[in-house]
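In: Make a model of this:
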Amino acid sequence: MPRAKAPAWTSQELAVLHEVYPREGINGVTDLLPERSWQAIYVMASKLGLRSNIVTDAPTPVLNGDRLEQAIQLREAQGWSFARIGASLGVSEAAASNAVLIALCPRRGFRPAERDEKGRLTPEGLERLRLALRKGMKAVDIQLQLGLSAGRVAEERRRYSADLKARGKAPLPPAGGGTAYSGLKLTRQQRGEVEALLLQGFGAKIVGERTGASNTTIGRIRNRLVKRLARKGETLPGCDGAGRRIAAAKQSRHYVPAASLDELRRRILAREPVVRAARDLGIGGSTAYRLRDQIAAELAERGEELLPPVRLGRSAEARSRAKASSWLPTDRAQEYRNLAHEHGPAVAKDMMLARMAEERRGAASRPLTFEEKLARIAAGKASVTAAFRPRKALPDATLGGVATGMIGG
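Out: Numbering: from 1, shown residues only. I've put the predicted structure just below:
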């Protein structure tokens, strides 16, 4: 269950904050406002522009002792997500990830960032953090290698970015070198693009390829979308009310575009052999035969019978149709299905044929490797011939020189 929203700050609490925070720091305020967390007090003081000269102890992870070891075991041995670990131990996802990553820092052989007696970063530790930011490292990698919390890394990125901008220096590189990962924040437009593709029935693979979002980010957006649709009595395409998929996703190898199924149904009813029609449409044999059995059952309910396919034997027409239906290589069936979903079977077939023709032209224009030459010889498409070598050297004189000598005589 999501946490209840914290109550608004009262005028009495704000008065305490104004009076005590500059003089006694955050520890003095927490003693007077036990209902407010350390983080809530710090955020409100920052919003109000309050400053204190009191250096307090740095916050410590909420998980320690046996509970911390349990969290590490769940993460390392069982592969639990931080969200699941936090829910199991009664803390937030951020608290669980901070505690586990800080504890794993020395255990993985890394040197934690240098701190003073209060637990605050020393100038040396701060410079190591800034160096990691300049390298474009992901926040989670910085946490693990320096033993820092996610909030500390994010706060220093904001401060360092503002400092570089004020001094007219080059900005920091994007975290992770611009690659998609779970900690990368998406813009509102990017989140909208992810939701739009999910509402069209696509799975995480295609959504990630088209938007650049990570699987983890897509999963979080999907979970929120499922809950929002459930409140309206709606579901994602191919899923039940809880978001569990009950039909193949559009990029799945089991997914077949509706237009292709309609065309296969038409061909089966036209008495074309199932295997030939399915191969031509890029549909798997199992799917094609299930559709044939479904058509037969529908006809049987109406008292009709599915007529057997018309087989042309070994005639020239049969060979021509068989050759036409085997145009698509087996290993490119999924590529064709994806194109068929977007453009329809007819246009997708033309696009695939054009792609394969372009690839053949490219392969023909480059020199063959030694292995390809051996393969052509083994397939009987080429043979080995002896290189021509003359048996005696050619004379030094040329016909032109001989003729010139004869004229001179």
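In: Give me the pLDDT for H341.
Out: We have a pLDDT of 67 for H341.
In: do the same with F388
Out: Predicted confidence (pLDDT) for F388: 62.
In: again with the one 5 residues further on
Out: The predicted local confidence for A393 comes out at a pLDDT of 58.
In: repeat for the one 3 residues further on
Out: Predicted confidence (pLDDT) at D396: the value is 58.
In: If you drop the residues flanking it in sequence, what lies closest to I142?
Out: A132 (4.7 Å; Cβ to Cβ, 6 or more residues apart in numbering). The C-beta positions use only the backbone N, C-alpha and C, and glycine is treated the same way.
In: if I read this right, the one you found contacts L146, doesn't it?
Out: Yes - contact between A132 and L146 holds when scored by Cβ atoms under 8 Å: they sit 6.7 Å apart.
In: between these two, who's got more neighbours?
Out: The residue with more neighbours, out of A132 and L146, is L146; 24 against 21, by other Cβ atoms under 10 Å.
In: Nearest residue to that one in space, please, no chain neighbours.
Out: Sequence neighbours aside, A113 is the residue nearest to L146 in space, at 4.2 Å (criterion: Cβ to Cβ, 6+ apart).
In: can you pull the contacts of R115?
Out: Going by Cβ atoms under 8 Å, 6 or more residues apart in numbering, R115 touches 58, 121-122, 125.
In: Then P273?
Out: P273 makes contacts with 309-311, as judged by Cβ under 8 Å, 6+ apart.
In: Could you identify the buried members of those?
Out: P309 (16 or more other Cβ atoms under 10 Å).
In: Show me how the record splits the protein into domains.
Out: Domain assignment of the chain by automatic domain parsing yields the ranges 11-47, 65-171, 187-252, 258-358.
In: so where's the stretch 151-300 of the chain shaky on pLDDT?
Out: Along the stretch 151-300 of the chain, the parts satisfying pLDDT under 70 run over 177-184, 248-255.
In: now the domains of the chain as TSV including distance to A378?
Out: Output for these, formatted as TSV (distance: least, Cβ to Cβ, whole Å):
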stretch	distance to A378
domain 11-47	70
domain 65-171	46
domain 187-252	37
domain 258-358	20
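In: and P367, which of those is closest to it?
Out: Evaluated over these, closeness to P367 peaks at domain 258-358, with 18.5 Å, by Cβ to Cβ.
In: what's the span of the closest one from first residue to last?
Out: 29 Å (Cα to Cα, to the nearest Å).
In: and what of stretch 327-347?
Out: End-to-end distance of stretch 327-347 (Cα to Cα): 15 Å.
In: Buried residues in that stretch, which are they?
Out: By neighbour count with 16+ other Cβ under 10 Å, stretch 327-347 contains the buried residues 328, 333, 335-341, 345.
In: what do you get for stretch 189-196?
Out: For stretch 189-196, by 16+ other Cβ under 10 Å, it's 190-191, 193-195.
In: before we move on, what about stretch 135-152?
Out: Neighbour-count burial for stretch 135-152 [16+ other Cβ under 10 Å]: 137-150, 152.
In: Could you export that stretch as PDB, CA atoms only?
Out: Extracted C-alpha coordinates of stretch 135-152, given in PDB (Å, rounded to 0.1, in the frame of the first residue of the first chain):
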ATOM      1  CA  LYS A 135      33.000  10.300 -16.100                       C
ATOM      2  CA  GLY A 136      29.300  10.000 -16.700                       C
ATOM      3  CA  MET A 137      28.900   7.100 -14.300                       C
ATOM      4  CA  LYS A 138      25.400   5.900 -13.400                       C
ATOM      5  CA  ALA A 139      24.100   6.900 -10.000                       C
ATOM      6  CA  VAL A 140      23.800   3.300  -8.800                       C
ATOM      7  CA  ASP A 141      27.400   2.600  -9.800                       C
ATOM      8  CA  ILE A 142      28.600   5.700  -7.900                       C
ATOM      9  CA  GLN A 143      26.600   4.500  -4.900                       C
ATOM     10  CA  LEU A 144      28.200   1.100  -5.000                       C
ATOM     11  CA  GLN A 145      31.800   2.300  -5.600                       C
ATOM     12  CA  LEU A 146      31.800   5.200  -3.100                       C
ATOM     13  CA  GLY A 147      29.300   4.000  -0.500                       C
ATOM     14  CA  LEU A 148      26.900   6.900  -0.900                       C
ATOM     15  CA  SER A 149      23.100   7.300  -0.800                       C
ATOM     16  CA  ALA A 150      21.200   8.100  -3.900                       C
ATOM     17  CA  GLY A 151      20.100  11.500  -2.500                       C
ATOM     18  CA  ARG A 152      23.700  12.500  -1.900                       C
END
